[in-house]
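In: take this sequence and fold it.
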Amino acid sequence: MKRVLAVNGSPRAAGNTAAMIETIFSVLSEREDTVCEMIHIGGKPFRGCTGCGSCVRNQDRKCIFDDDPVNGCIAKMIEADVIILASPTYFSTLTPELKALIDRAGRVTRGNGNLLKRKIGAAVSPARRAGSLNTLQTIQNFFFITEMIVPGSSYWNMAQVRNIGDLEQDAEGIATMKNLAENISWLLDRT
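Out: Residues are numbered from 1 along each chain as shown. Okay, here's the model as predicted:
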């Protein structure tokens, strides 16, 4: 069974970021061999990486700080075949919760045998107008440094939205998410 994990970094559990993920899931869930799961982390307390190095010394596949959802997310990321990291664009970058997850998951997985190597990774970001390219690039940098495979789409993996429900008006954004899902599906058949 192929596992697709999407991490929603938006503080809105049912906003445009979730709708973009659900659009991707609508294509991937048509596969008989694929299970899709979304985790919502936005608005929860997350600490950033302190650079203590305990995760590398302990070799236990987790961060020494266990008082937030990071270790649960890391465990699910290690089990997944596809990891979708999604964040709305706030002041030209991703939410602090998703950034904290990236920093800590990167340190843990790289320091414990490069546990995300050759998994499929996709970045997704809704934005009012501009700024989403920086958000997408920040997430993709995480995928690249962890040696993940990153599929493209017919446009950047973004949508132009402002209010909850605006994704429904962005036909190109929806088409981009569906095309991204088709490319993920194609890659899944080759892994």
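
In: residue contacts, the residue lying closest to Glu147 once chain neighbours are set aside?
Out: Excluding its sequence neighbours, the residue lying closest to Glu147 (CB to CB, 6 or more residues apart in numbering) is Lys117, at 4.3 Å. Bear in mind the C-beta positions are built from the backbone N, C-alpha and C, glycine included. Contacts for Lys117 were tallied using CB atoms under 8 Å, 6 or more residues apart in numbering; they are 146-148.

In: tell me the buried residues within these.
Out: Taking 16 or more other CB atoms under 10 Å as the criterion, what is buried in these is 146, 148.

In: columns secondary structure and pLDDT on top of the contacts of Lys117, output as CSV?
Out: Output for those, formatted as CSV (DSSP: H, G, I helix; E, B strand; the rest coil; pLDDT from 0 to 100):
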residue, secondary structure, pLDDT
Thr146, coil, 98
Glu147, coil, 98
Met148, coil, 98
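
In: nearest to Phe25 among the contacts of Lys117?
Out: Nearest to Phe25, judged by CB to CB, of those is Met148 at 19.2 Å.

In: distance check, that closest one against Pro11.
Out: When distance is defined by CB to CB, to the nearest Å, Met148 is 26 Å away from Pro11.

In: give me the number of residues near the closest residue to Asp67 other than its chain neighbours?
Out: Once flanking residues are discounted, Asp67 sits nearest to Arg47: 7.6 Å by CB to CB, 6+ apart. As a burial measure, Arg47 scores 13 neighbours (other CB atoms under 10 Å).

In: same check on Gly51?
Out: Look at Gly51: counted by other CB under 10 Å, it has 8 neighbours.

In: for the chain, what's the longest helix?
Out: Looking across the chain with DSSP state H, the single longest helix is helix 171-188.

In: what segments of the chain are strands?
Out: Ranges of strands within the chain are 2-8, 34-40, 82-86, 120-127, 158-160, based on DSSP state E.

In: what lies in contact with the last one?
Out: Contacts with strand 158-160, where a contact means CB under 8 Å, 6+ apart, come from 16, 20, 89, 124-129, 132-133, 136, 166-167, 170, 172-174, 176-177.

In: quick one: buried ones out of those?
Out: Buried by 16+ other CB under 10 Å: 16, 20, 89, 124-127, 132, 136, 166-167, 170, 173-174, 176-177, out of these.
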